[in-house]
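> coordinates only, sequence not included:
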């Protein structure tokens, strides 16, 4: 969160991302909950990119946050999955992150739907508790890359066969991962 996003409840940030950054997808972080569920859903509708959240369920609303998308780049099928911290808000049900991701990754891999699995995570690299990027990489087979956030660190690490990256805090750096 910053002053601008506080004043307009994330509208300008969503516009900048939609107009200039044009991400393939993002996950929901704890500051997306700063103004409660309805403002989050408003920003999701305004964005030109998908917000992903495998471990979130919007209670009592038709509009839901999708778990994942599949993109194809030069014939390579890449699944992008989103997962976030358990910042429970009224009207949002949080589901256990590891189980949510494990189920989706297993389904995508067992059906041969994708070549690469990337998790966009807002769990933190090695945050206190059971749910963080380190535990996710250790316990969920089939994840190739975790692009993380929340703990505001610079991270470039392999755990098992999963590469974990964080580009640091406050958009000071842009991360680039190249793979073959």
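That came in fine, so what should we check first? Since we're looking at a predicted model, the values are computed, not measured.
> partner residues bridging residue 84?
residue 122 (DSSP bridges).
> how far away is it from residue 121?
For residue 84, the distance to residue 121 (CB to CB, to the nearest Å) stands at 8 Å. Where C-beta positions appear, they are placed from N, C-alpha and C, glycine not excepted.
> overlap of the contact sets of the two?
Residues touching both residue 84 and residue 121 by CB atoms under 8 Å, 6 or more residues apart in numbering: residue 27.
> show me what the helix ranked longest in the chain is packed against.
When the chain is parsed with DSSP state H, its longest helix is helix 97-110. Using 3 or more CB pairs under 8 Å, 6 or more residues apart in numbering; DSSP states H and E as the contact definition, the elements that helix 97-110 packs against are strand 68-73, strand 76-84, strand 116-122, helix 133-139.
> okay if I get the ones you listed as CSV plus mean neighbour count, distance to residue 170 and mean pLDDT?
Formatted as CSV, these follow (neighbours: other CB atoms under 10 Å; distance: least, CB to CB, whole Å; pLDDT from 0 to 100):
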stretch, mean neighbour count, distance to residue 170, mean pLDDT
strand 68-73, 14, 26, 96
strand 76-84, 22, 18, 96
strand 116-122, 24, 15, 96
helix 133-139, 20, 19, 94
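> would you turn the ones you listed into JSON lines with distance to residue 55?
Written out in JSON lines, the entries for the helices and strands packed on helix 97-110 read as follows (distance: least, CB to CB, whole Å):
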{"stretch": "strand 68-73", "distance to residue 55": "12"}
{"stretch": "strand 76-84", "distance to residue 55": "5"}
{"stretch": "strand 116-122", "distance to residue 55": "10"}
{"stretch": "helix 133-139", "distance to residue 55": "11"}
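> among those, which is nearest residue 105?
With CB to CB, the closest approach to residue 105 among those belongs to strand 116-122: 5.6 Å.
> what is that closest one packed up against?
Using 3+ CB pairs under 8 Å, 6+ apart as the contact criterion, the neighbours of strand 116-122 among helices and strands are strand 26-27, strand 76-84, helix 97-110, helix 133-139, strand 145-147.
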